[in-house]
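Chemist: Sharing a model prediction with you, sequence too.
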Amino acid sequence: MTKFMLKCFGLVTILLFGVLFGIQKAHFEMDELKGTSLESVESNSTPSNEQKESKQNSASVTSHDIKAKQETLSKIDSFNVFSALGQRLTSWISSAFGVMISIFGVIISEMLAVFSP
């Protein structure tokens with residue numbers, strides 16, 4: 001019994017550290033995607049000439065440019081195998097649970113009809 005408990009404790013400990021490591025890695029990668037590293041914070045505190053020019057150029061962007069970009073983004077259709085499999089699996093599970101709930105509803109209503117006077 002003690003061997004079993006030690007093995008379970010060891011597995012739980014390994015899984016806990018794995019989860020904590022994954023959360024930490026995801027946090028750092030999200031920071032990289034957002035660009036919130038210390039270097040970018042320091043560079044943002046002192047605006048350069050390029051940043052001032054980009055602010056002036058952003059004011060000249062028209063709604064036509066934005067609409068053109070939205071159209072090109074809507075035309076781009078990237079296919080992701082895992083996303084497609086996930087959507088199919090989700091729809092299958094949803095329909096299966098819907099059928100199970102309806103079957104349980106019918107069974108319960110029949111049981112109530114049998115036991116009611």
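Modeler: Perfect, I can see it now.
Chemist: use CA for all of it now, contacts and neighbours both
Modeler: OK.
Chemist: Give me the pLDDT for Glu39.
Modeler: Among the per-residue scores, Glu39 shows a pLDDT of 56.
Chemist: Also the one 3 residues further on?
Modeler: As summarised for this prediction, Glu42 has a pLDDT of 54.
Chemist: for this protein, longest helix please?
Modeler: For the chain, the helix with the greatest residue count under DSSP state H is helix 81-115.
Chemist: tell me which residues of that one are tucked away?
Modeler: Judged by neighbour count (16 or more other C-alpha atoms under 10 Å), helix 81-115 contains no buried residues.
Chemist: Relative to the whole chain's centre, how far out is it?
Modeler: Centre-to-centre, helix 81-115 and its host chain are 25 Å apart (C-alpha atoms, centre = their mean, to the nearest Å).
Chemist: which secondary structure elements does the helix or strand where Leu15 lies contact?
Modeler: Using DSSP states H and E, Leu15 maps to helix 2-34. Using 3 or more C-alpha pairs under 8 Å, 6 or more residues apart in numbering; DSSP states H and E, no helix or strand is in contact with helix 2-34.
Chemist: Show me how far that helix is from its chain's centre.
Modeler: 19 Å.
Chemist: which stretches of this protein have low pLDDT?
Modeler: 36-63, 77-79, 117 (pLDDT under 70).
Chemist: run the last query once more with 80
Modeler: The chain contains residues with pLDDT under 80 at 35-64, 70-81, 83, 116-117.
Chemist: Domain boundaries for it, per the record?
Modeler: 1-47, 81-117 (automatic domain parsing).
Chemist: Now render those domains as JSON lines, adding distance to Lys69.
Modeler: Output for those, formatted as JSON lines (distance: least, C-alpha to C-alpha, whole Å):
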{"stretch": "domain 1-47", "distance to Lys69": "22"}
{"stretch": "domain 81-117", "distance to Lys69": "24"}
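Chemist: so which of the ones you listed comes closest to Glu71?
Modeler: In terms of C-alpha to C-alpha, the element of these nearest to Glu71 is domain 81-117, at 22.6 Å.
Chemist: now the closest one, how far from the centre of its chain.
Modeler: 26 Å.
Chemist: and the longest helix of the chain, what does it pack onto?
Modeler: Right, helix 81-115 is packed against no helix or strand by 3+ C-alpha pairs under 8 Å, 6+ apart.
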